[in-house]
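Colleague: Please find the sequence and the predicted model below.
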Amino acid sequence: MEKKVGLECFFTDAPGVGGKLKKYPEDFRVKEEIDLFEESEGEYTIAKIWSRNWETNRLVKRLSDELNINRKKIDFCGTKDKRAITTQWMSFKCHPEKLRDLNIKELEIQDAFTSHRSLRMGAHKRNQFEILIRDMSVEPEKALDRADDVGKKIEKEGGFPNWFGVQRFGTMRPITHIVGRKILKGDFEGAVKKYVASPKKGEEESCYEARNSLEKNWDPEEGLKIYPRVLTFERGILRDLKDNPGDFVSALKTLPHNLLMMFVHAYQSYLFNKMVSLRLQRNLPLNDALLGDVILPADSDGLPNKDTKVKVKERNFSKVSEMVKKGKAFVSAPLYGHKSEFSDGEQGDIEKKIIEEENIEKEDFIIPEISSISSTGTRRNIFAPVKDFEWGLQGEALKLNFSLNKGTYATTLLREFMKHPPDKVKFYS
């Protein structure tokens, strides 16, 4: 599975502990860190929401139904997986009292206040994690020894590769990047069929059977009769195709905009993962600058400033290298789009090789049929710092606590400790 999303190697050499994630939602806790100030008035409500077993997009749909407001009037900082305990911030174009009156299973409004501004994706700074790895393949004491070897290496280096985790592409069905590529290539029919059908062993039986049936015999009207109601977005697509046969662009537009955008972003993430993997495979450093690298200076919060790009040249090499070593700047690779530019030097060779192998063009990221998901591209740091990093045993499980910058995947750090074969990442579902 991992190789299919560009995760082709490991950062650490020590053996892993095996094990599984998310046996219980309580095994995976994540809390957003954000600076917010309560205002006495405003048209928006900012809310701190605790939830258990709620994936963000489906939670937003449920909230929009309960509050009787358009889902476009609900904004959030970051997308969270379903099988977890999450504490995240959202904004709503409604009065705080409407939120306080909500009664939704496994959801709690912990705070709510008015504001003149809504939240936006990425408005938070960091995420705090508390995670348990259970059912390890070795005895607890041996697992701790292995964890020490991995953890100390990551501590020494100051972080780990900033790969996108498997859940970026769909934990149960890692297909979002494939859907994204089909959209970029103008194959909207293929994109719809890949998203709606494409059954995967391990998903809920009713979902698997419905997808399998539709994949074998494509008939949206019949599919609508057998698709379980939990597949909300898929049913919306099938309903639109029933009313507008053959109009696959219209069908895609029934999806929430952020989900549509996620398809394109997932393909960009796949390309990025392959670039980082190839840099590692060539034994090039992630947290040291090379000539030709494009550097992102750190902002006042210590986060990469993607609006300021500095190319490493002979004249600035010494200064930039020192900044990178001190965590004041980050080496980057492109999240490729129609305005992206390659690095120079060895990193540039890596970027060009991946793009050529994938047979993708800049112009593919301009999507006239759904212009709102066209992407100019940006850059992302290839090395992820980790803070407040602790690990140890809790009973027979390995417990890890750490804080990561927004956009960095905890599962990417966890895979270094677990070291499963690339095709056997294990989650409880």
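Modeller: Yes, it's here. Numbers count the residues shown, from 1 in each chain.
Colleague: For residue 186, see how far away the closest residue in space to residue 340 that isn't next to it in sequence is.
Modeller: If the residues on either side of it in the chain are set aside, residue 340 comes closest to residue 377, at 3.8 Å by C-beta to C-beta, 6 or more residues apart in numbering. Where you see a C-beta, it was placed from the backbone N, CA and C, and this is true even at glycine. Computed as C-beta to C-beta, to the nearest Å, the residue 377 to residue 186 distance reads 19 Å.
Colleague: for the helix or strand in which residue 352 is found, which positions count as buried?
Modeller: Using DSSP states H and E, residue 352 falls within helix 345-358. Residues of helix 345-358 classed as buried by neighbour count (16 or more other C-beta atoms under 10 Å): 345, 347-348, 350-351, 354-355.
Colleague: go on, stretch 372-382?
Modeller: So stretch 372-382, judged by 16+ other C-beta under 10 Å, has buried residues 373-375, 378-382.
Colleague: how about CSV for those residues, with pLDDT, secondary structure and distance to residue 145 added?
Modeller: Below are these laid out as CSV (pLDDT from 0 to 100; DSSP: H, G, I helix; E, B strand; the rest coil; distance: C-beta to C-beta, whole Å):
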residue, pLDDT, secondary structure, distance to residue 145
373, 98, helix, 47
374, 98, coil, 50
375, 98, coil, 45
378, 98, strand, 40
379, 98, strand, 38
380, 98, strand, 34
381, 98, strand, 31
382, 98, coil, 29
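Colleague: Okay, now the unreliable bits of the stretch 1-150 of the chain?
Modeller: Judged by pLDDT under 70, the stretch 1-150 of the chain has no weakly predicted residues.
Colleague: Following element in sequence after the strand or helix carrying residue 297, please.
Modeller: Per DSSP H and E, residue 297 falls inside strand 294-297. Later in the chain than strand 294-297, the nearest helix or strand by DSSP H and E is strand 310-311.
Colleague: ok so, going back, what strands flank the strand holding residue 297, and is each parallel or antiparallel?
Modeller: strand 310-311 (antiparallel), strand 329-335 (antiparallel) (DSSP bridges).
Colleague: Residue nearest the middle of the chain, spatially speaking?
Modeller: The centre of the chain sits closest to residue 168, judged by C-alpha atoms, centre = their mean, with a distance of 3.8 Å.
Colleague: pLDDT wise, what is the nearest residue to that one once chain neighbours are set aside at?
Modeller: Nearest residue to residue 168, sequence neighbours excluded (C-beta to C-beta, 6+ apart): residue 269, at 5.2 Å. Per-residue pLDDT puts residue 269 at 98.
Colleague: what secondary structure does residue 269 sit in?
Modeller: helix (DSSP: H, G, I helix; E, B strand; the rest coil).
Colleague: ok, the closest residue to residue 364 other than its chain neighbours - contacts?
Modeller: Closest residue to residue 364 apart from its sequence neighbours, by C-beta to C-beta, 6+ apart: residue 184 at 4.4 Å. Residue 184 sits next to 264, 267, 360, 364-365, 367 when contact means C-beta atoms under 8 Å, 6 or more residues apart in numbering.
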